[in-house]
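Student: Here's a sequence, model it:
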Amino acid sequence: MDLAHLSSFTHKHCRFKLRSGKEVYGVVWEVETTDGAGEHNTSLYFASVRDYERLQQEHTPVNVIPMRPEEIVAVESLAS
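Tutor: Residues are numbered from 1 along each chain as shown. Predicted structure coming up:
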């Protein structure tokens, strides 16, 4: 899956089916960075809903996993 398709699912509680066959539940979001040459890069990160909410509210360290968009083969929003 590409970042353009995933952007409508960022910052929402979702179920993700991964290329490995695993299903995981949580939140993904994009982080844009600029390298030393001024190039913009976008990275995708995943966390459980609880960790994501803790990160948003308390800004405390949580278990965040870098995620490559191509590892996600299907996504379903669980947010109400």
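Student: Could you use CA atoms for every contact and neighbour count after this?
Tutor: Noted.
Student: Let me see the ranges of the helices in the protein.
Tutor: Counting by DSSP state H, one finds helices in the chain at the ranges 3-6, 49-58.
Student: buried sites along stretch 30-50?
Tutor: For stretch 30-50, the neighbour count (16 or more other C-alpha atoms under 10 Å) marks 30, 44-49 as buried.
Student: Okay, now that stretch: how far is its last residue from its first?
Tutor: 18 Å (C-alpha to C-alpha, to the nearest Å).
Student: quick one: Ala74 and Val27, what's the gap?
Tutor: To Val27, Ala74 is 14 Å away according to C-alpha to C-alpha.
Student: These two: who's more crowded?
Tutor: Val27 (23 against 13; other C-alpha atoms under 10 Å).
Student: Run through the residues that contact the more buried one.
Tutor: Residues in contact with Val27 (C-alpha atoms under 8 Å, 6 or more residues apart in numbering) are 10-14, 46-49, 52.
Student: Centroid-nearest residue for this structure?
Tutor: The residue lying closest to the centre of the chain (C-alpha atoms, centre = their mean) is Val28, at 1.8 Å.
Student: Could you verify my assumption that it touches Leu44?
Tutor: Yes - between Val28 and Leu44 a contact is recorded at 6.6 Å, counting by C-alpha atoms under 8 Å.
Student: check contacts around Asp35.
Tutor: By C-alpha under 8 Å, 6+ apart, Asp35 lies in contact with Asn41.
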